[in-house]
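K.L.:
Kindly return the folded structure for what I paste below:
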Amino acid sequence: MNRLESTGYKRTVLISIMILIISSYTIFYDNFILENDIEKLTRDLTRLLFTVILLYLTYQGRNWARILFVILFSIGLVGALYSLFWRNVATKIPFAIMIVAYPFALYHFTYAKSYRAFVLHQKSKKLINKTNSGGLT
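P.N.:
Numbers count the residues shown, from 1 in each chain. Presented below is the predicted three-dimensional model:
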């Protein structure tokens, strides 16, 4: 793995951790500080599971997952901006954090050369594994 690929790997992992922390914090804040509703908790945990799966597929270099990620987090960013101005003071903290963090993730998965280099490395590694396990002896 060269330097650019390594940078893409590190940033992808850090952004994934950041998104999972934000999602977990939002779930905790919404369900245990503001409300205590089992249906909402179930929905939020399902969303967290979906986020983990989507981040894993994006890490693997699946382009459709990256595109879906960018679309969903763009919608999330717009929703966070809206909520920052139209919600009461107590619920603004998670939205302010999202407004700061989501643009970094969107930039990384959309424009960063390091992520593209990392994805090419992931795909070449996957191709090498397929070739080695393909029964060529």
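K.L.:
drop to CA atoms for contacts and neighbour counts, all remaining ones
P.N.:
Will do.
K.L.:
ranges for the helices of the protein?
P.N.:
With helices called from DSSP state H, the chain shows them at 3-28, 38-60, 63-86, 92-110, 113-132.
K.L.:
and the third one, what's its mean pLDDT?
P.N.:
Spelled out, that is helix 63-86. Per-residue pLDDT over helix 63-86 has a mean of 90.
K.L.:
what angle separates that helix from helix 38-60?
P.N.:
130 degrees (axes from the mean of the first three to the mean of the last three Cα atoms, to 10 degrees).
K.L.:
Buried ones in helix 63-86, by neighbour count?
P.N.:
Residues A65, R66, F69, V70, F73, S74, G76, L77, A80, L81, S83, L84 are the ones in helix 63-86 that count as buried (16 or more other Cα atoms under 10 Å).
K.L.:
elements contacting that helix?
P.N.:
In this structure, helix 63-86 makes packing contacts with helix 38-60, helix 92-110, judged by 3 or more Cα pairs under 8 Å, 6 or more residues apart in numbering; DSSP states H and E.
K.L.:
Return the most buried member of these.
P.N.:
Highest mean neighbour count of those: helix 92-110, a mean of 17 (counted as mean count of other Cα atoms under 10 Å).
K.L.:
Quick one: residues in contact with the helix or strand of the chain with the lowest mean pLDDT.
P.N.:
Ranked by mean pLDDT, DSSP states H and E, the weakest helix or strand in the chain is helix 113-132, scoring a mean of 84. Outside helix 113-132, the residues that touch it by Cα atoms under 8 Å, 6 or more residues apart in numbering are 1, 4-9, 11-12, 59-61, 108-109.
K.L.:
Report the distance from that helix to the chain centre.
P.N.:
On the basis of Cα atoms, centre = their mean, to the nearest Å, helix 113-132 sits 20 Å off its chain's mean C-alpha point.
K.L.:
buried stuff in it?
P.N.:
Quick answer for helix 113-132 (16+ other Cα under 10 Å): S114, Y115, R116, A117, F118, V119, H121, Q122.
K.L.:
Could you measure from S24 over to N36?
P.N.:
Computed as Cα to Cα, to the nearest Å, the S24 to N36 distance reads 15 Å.
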